[in-house]
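> could you work out the structure for the sequence below:
(chains A and B)
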Amino acid sequence: MNKPLKQHLIDPEICIRCYTCEMTCPVEAIVHNDDNVVVDADKCNFCMDCIPVCPTGSIDEWRVVDTAYSVGEQFEWTELPEQADIGGGDDGGIEALDEAMAALLAEAHQGAGGKSKAPASAAKASVNMYNLGKPAVAKVQGNYRLTKEASGADVRHIILDFGGQPMPVLEGQSIGIIPPGTDAEGKPHLPRLYSVSSPRDGERPNYNNLSLTVKREDQGLCSNYVCDLKIGDEVRVTGPFGATFLMPDDPASRLLMICTGTGSAPFRAFTMRRQRMAAGAAGDMVLFFGARTPDSLPYFGPLGKIPDSVLKKHLVFSRQPDVAKEYVQDRMMVEEEAVAELLLDPKTHIYICGLRGMEEGVEKSFANIAESQGEQWIALRDKMRDEGRYHVETY
Amino acid sequence: MLDLINVSYDTQIPNNVGLSSDKRVLKALEKWHPGYINWWNDLIPQNFQESMVYLRTAVSVDPKGWAKFDYVKMPEYRWGVLLAPQVEGRVIPCGEHAGQPAWQEVPGEYRNLLKRLIVIQGDTEPGSVEQQRFLGLTAPSLYDMRNLFQVNVEEGRHLWAMVYLLQKYFGKDGREEADDLLIRSSGSEEAPRMLGAFNEETPDWLSFFMFTYFTDRDGKMQLESLAQSGFDPLSRTCRFMLTEEAHHMFVGETGVGRTIQATVEAMNKAGITDPYDINKIRDLGVIDLPTIQKKLNLHYTLSLDLFGQEVSTNAANAFNAGIKGRYMEHRIDDDHKLTGDTYPVWTIKDGALVREDAPALTAINMRLRDDYVRDAAGGVGRWNKIIEKAGVEFELKMPHESFHRQIGVFNGMPFDPAGDLLSREAWDAKRDEWLPSKADGDFIQSLMKPVYEPGKFASWIAAPKVGIDNKPGDFEYVKLHMA
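Residues are numbered from 1 along each chain as shown, chains lettered A, B, ... in the order given. This next block holds a predicted model:
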């Protein structure tokens, strides 16, 4: 059997047949008859040149299919078909178009226990504007160390500027960084994924820049490259990627965020977005953030400046001298009542991000808290996930 | 190295044509610039000039860079000179020079022909902004207001594009023509715009939508054929303009569609099934379908006149010279010379309408108009789908090409919308059934009340399916300056 493929489609109800996409397509994959403008799946190479030129927004439609809809079939359409339920498909929320990136994200989202779905009110994510063959080139605007020298951890805040190239990235999405050079076989290195830590309108509002939160790994080819970047250096970037680990746009929604280390990147973006939009009421955003010591906790200083009414912070340390080890799941139990209240509120969206090792403990705490409320955790989790309210991204 | 993709902001005029190293043209444009700004400032009501509008601006001319959205005050919009990238080894696509390298400078023998084409195209651009200048005052939503202003600033930019060509390639004559473009004015007694349709009023929003659908579509067809020009700078200019023109088509097609949507929804809600129950339908605060049909008849036929005479030696000369091609010239599979070919053209024989073969070279206008009719029919089909989906029995039709014409073979002849020739008296008696009457205009005018609250729409128009730039429904597309 063929493996499912992602097919690019145009919504015939919204398209106005201006043929701008057809003129733009460098491989002539877009054709029309008197009724519809359609994409030939045999020819489309996902270069995305047609996406920004569309005046209507009809062009950014994707379906996972076993067999591609033919050009002839599409000519007959008066509306787009629903996404068919296909094993291995991802329910319309297409995280990435190239297999390698899609596989990475699928693995990162595994911990949710099933197919991830974006929050109902999330903005529509653009994916794969740039790929290995056609990367964007960003300029480094800043590279700041976030952790103290003595802590042993070197976590960096990197700011990249995209100049005139559009990089429409949403909070929670990732971009790929292509390390320079080639591997042992002489092939270019594949991009490494980093979650964006700035909100959609830029690290600085209305500047076309974004930030990353990157930890230097001992033998890490890409992390060392990124952490050593100097201002003015040029970096090749792919993406954006990810279409489910997104924040709800509904200002009334509530966010429970649990992270360790650089897993804080998307939550910095979420928090800044809500602050800039003045969204949510007191108590609507709660963060459990684990690190070894305050010195090694990224953004320790800036976090302290966010009032508790905007973001209730639980900073948890596992290597504090003379203090018993504490992990995020331990603090969740201490805060059982508050967590339970959030867990039962249908407006709550839960996000877990960090090292894979944190999943088990966090889930255990959730299970305990859910049961104390007479809820079955797995059922509750699956329900929340299907509603786009439970998200895991671990590595 | 000269960067010809990204827009350079190193002069007052954003451009990708290396203006900063072309002192002569830069000076000429800078001299023209204040007149343009004055024209703009005198045109659009002041409180809109001060408002922040969520507009699209090109930051580069490759596909990824030409749609960057941000709030901007219209007078600060970066009008500039943007040409599509030069295609390596491009050749003249049609006519007697077909296959020779495209001209990078004006060929002397065609100088006047070329200048005239550019001036006519250029004249339409400010004309439409003038026609639409007061519509902001009655915008049915902030979304629509934003779309209007986007259309306006881009028409302004298209004027710039034509003025650049005049200043750069036509010396003193070009400068004078460029100045005249700011002197002529839509509807003016002394110095009207050159083409009839651009001197008609755009009195209401339905007219605006019909105009952007039908009349801007003529513009699109003209740009398409100029984009085939063997004069490469004109081709590149028009190719980039087409990417912007698409948005104008979008505003027209969805605007009329949303008007129809509101009408059929209101009819269904009130349980009215007869689309001709006009007074009852109008009482619902929506525009009845027969009146929409009349508006369609008017704007469609005015637009058909823009294609000129069916048989035209001017058009033949322009094609033969390689100055202006056919629609989709590069996808047409023939010798691109048309020397021995024929094309069927409307004529009247013994009182009957027939298509008769004429030399294809002289029938270039007819052919482009046929392409236009086909292109325009697509949207009408979509509008009918909306009506059909709502279960209302009514079908919008494009009238026969002979109806209500002022130019060409049908000029002034009393054909009805079905293409039957009537007596003048019979035609006059039926006029108000086919074309908007004063009373129709007054009724539509009575609905033109502004709605300035984000996410809200006037009763006669439905909300759009998708926001601009994927924005949510209640996005504040225009931050109004209320002083």
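
> residues from the stretch 351-483 of chain B in reach of chain A?
B:374-375, B:377-379, B:381, B:385, B:465-470, B:472 (CB under 8 Å from any CB of the partner chain). Every residue, glycine included, has its C-beta placed from N, CA and C.

> chain B now?
Within chain B, the residues that sit near chain A (CB under 8 Å from any CB) are B:6-7, B:59-60, B:63-68, B:70, B:220, B:239, B:242-243, B:245-247, B:249-250, B:253-254, B:374-375, B:377-379, B:381, B:385, B:465-470, B:472.

> picking up where we left off before, JSON lines for the residues of the stretch 351-483 of chain B next to chain A, including pLDDT?
Below are those laid out as JSON lines (pLDDT from 0 to 100):
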{"residue": "B:Arg374", "pLDDT": "92"}
{"residue": "B:Asp375", "pLDDT": "90"}
{"residue": "B:Ala377", "pLDDT": "93"}
{"residue": "B:Gly378", "pLDDT": "88"}
{"residue": "B:Gly379", "pLDDT": "90"}
{"residue": "B:Gly381", "pLDDT": "92"}
{"residue": "B:Lys385", "pLDDT": "93"}
{"residue": "B:Lys465", "pLDDT": "86"}
{"residue": "B:Val466", "pLDDT": "83"}
{"residue": "B:Gly467", "pLDDT": "84"}
{"residue": "B:Ile468", "pLDDT": "84"}
{"residue": "B:Asp469", "pLDDT": "79"}
{"residue": "B:Asn470", "pLDDT": "75"}
{"residue": "B:Pro472", "pLDDT": "77"}
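
> looking at those, spot the one nearest chain A.
Proximity of those to chain A was ranked by CB to the nearest CB; the top entry is B:Val466 with 4.4 Å.

> run a quick neighbour tally on the nearest residue to the closest one once chain neighbours are set aside.
What sits nearest to B:Val466 in space, not counting adjacent residues and going by CB to CB, 6 or more residues apart in numbering or on different chains, is A:Gly57, at 4.4 Å. For A:Gly57, the neighbour count with other CB atoms under 10 Å in any protein chain shown is 21.

> tell me the secondary structure at A:Gly57.
Here A:Gly57 is recorded as coil under DSSP: H, G, I helix; E, B strand; the rest coil.

> was I right about it contacting B:Asn470?
Yes. A:Gly57 lies in contact with B:Asn470 (CB atoms under 8 Å); the separation is 6.0 Å.

> coming back round to it: sort out for me which of the residues of chain B next to chain A are in strands.
Counting by DSSP state E, the residues of chain B next to chain A place B:Lys68, B:Asp70 in strands.

> give me the subset of the residues of chain B next to chain A lying in helices.
B:220, B:239, B:242-243, B:245-247, B:249-250, B:253-254, B:374-375, B:377-379, B:381, B:385 (DSSP state H).

> buried subset of those residues?
Buried by 16 or more other CB atoms under 10 Å in any protein chain shown: B:220, B:239, B:242-243, B:245-247, B:249-250, B:253-254, B:375, B:378-379, B:385, out of these.

> so how many other residues sit close to A:Ser318?
16.

> quick one: contacts for it?
A:Gly290, A:Ala291, A:Arg292, A:Lys325, A:Glu326, A:Tyr327 (CB atoms under 8 Å, 6 or more residues apart in numbering or on different chains).

> okay, now residue 44: neighbour count?
Using chain A. 20.

> looking at chain B here, not the other one
If we define neighbours as other CB under 10 Å, then B:Ile44 has 22 of them.

> my guess is it meets B:Gln132, correct?
No. Judged on CB under 8 Å, B:Ile44 makes no contact with B:Gln132 at a distance of 9.3 Å.

> joint contacts of those two?
Contact criterion CB under 8 Å, 6+ apart; residues shared by B:Ile44 and B:Gln132: B:Asn152.

> run through the helices of chain A in chain order.
Counting by DSSP H, the helices of chain A are A:20-24, A:50-53, A:71-76, A:99-109, A:221-227, A:265-277, A:300-304, A:328-334, A:336-343, A:358-372, A:377-386.

> gap between whichever residue of the stretch 151-300 of chain B sits closest to chain A and B:His481?
As assessed by CB to the nearest CB, chain A sits closest to B:Ala246 within the stretch 151-300 of chain B, at 3.6 Å. Separation of B:Ala246 from B:His481 (CB to CB, to the nearest Å): 29 Å.

> then B:Arg367?
Using CB to CB, we find B:Arg367 at a distance of 48 Å from B:His481.

> compare the two (neighbour count), which wins?
Remark: of B:Arg367 and B:His481, B:Arg367 carries more neighbours, 21 against 13, as counted by other CB under 10 Å.

> excluding its backbone neighbours, what's nearest that one?
Per CB to CB, 6+ apart, closest to B:Arg367 is B:Tyr343, 5.7 Å.

> wait, that neighbour touches B:Met366, no?
Yes. With contacts defined as CB under 8 Å, B:Tyr343 counts as touching B:Met366 at a distance of 6.4 Å.

> list the contacts of the lowest-mean-pLDDT helix or strand in chain B.
The helix or strand of chain B with the poorest confidence is strand B:68-73; it has a mean of 86 (mean pLDDT, DSSP states H and E). Identification of contacts with strand B:68-73 by CB under 8 Å, 6+ apart yields A:164, A:166, A:206, B:49-59, B:468-469, B:479.

> ok, 7 Å please
Identification of contacts with strand B:68-73 by CB atoms under 7 Å, 6 or more residues apart in numbering or on different chains yields A:166, A:206, B:49-57, B:59, B:469, B:479.

> check the closest residue to A:Ser318 other than its chain neighbours and give its pLDDT.
Ranked by CB to CB, 6+ apart and with sequence neighbours excluded, the top spatial neighbour of A:Ser318 is A:Lys325, at 4.7 Å. On pLDDT, A:Lys325 comes in at 91.

> A:Lys325: neighbouring residues, count only.
With other CB under 10 Å as criterion, A:Lys325 counts 11.

> okay, it and B:Ile183: tell me how far apart.
Counting by CB to CB, the gap from A:Lys325 to B:Ile183 is 82 Å.

> what does B:His299 give?
Counting by CB to CB, the gap from B:His299 to B:Ile183 is 27 Å.

> looking at those two, which one has more neighbours?
Applying other CB under 10 Å to B:His299 and B:Ile183 shows that B:His299 carries more neighbours, namely 26 against 11.

> what backbone torsions are found at that one?
Taking degrees, to the nearest 10, you get phi -70, psi -30 for the backbone angles of B:His299.

> the helices in the stretch 351-483 of chain B, which residues?
In the stretch 351-483 of chain B, the helices defined using DSSP state H, counting those that start in this stretch lie at B:364-389, B:424-434, B:438-447.

> kindly report the same for the stretch 151-300 of chain B.
Using DSSP H, counting those that start in this stretch, helices in the stretch 151-300 of chain B cover B:171-183, B:205-210, B:216-226, B:232-270, B:278-283, B:289-305.

> contact partners of the fifth one?
Put plainly, it is helix B:278-283. B:Met267, B:Ile272, B:Asp288, B:Pro290, B:Phe443.

> let's see that with 6 Å instead.
Identification of contacts with helix B:278-283 by CB atoms under 6 Å, 6 or more residues apart in numbering or on different chains yields B:Ile272, B:Asp288, B:Phe443.

> point out where chain A drops to low pLDDT.
Across chain A, the ranges flagged by pLDDT under 70 are A:1-3, A:85-93.

> so how far is A:Asp161 from the residue most central in space within it?
With the centre of chain A defined as its mean C-alpha position, the nearest residue by CA atoms, centre = their mean is A:Gln173, 2.5 Å away. From A:Gln173 across to A:Asp161, the span is 17 Å (CB to CB).

> right, I'll call it a day here.
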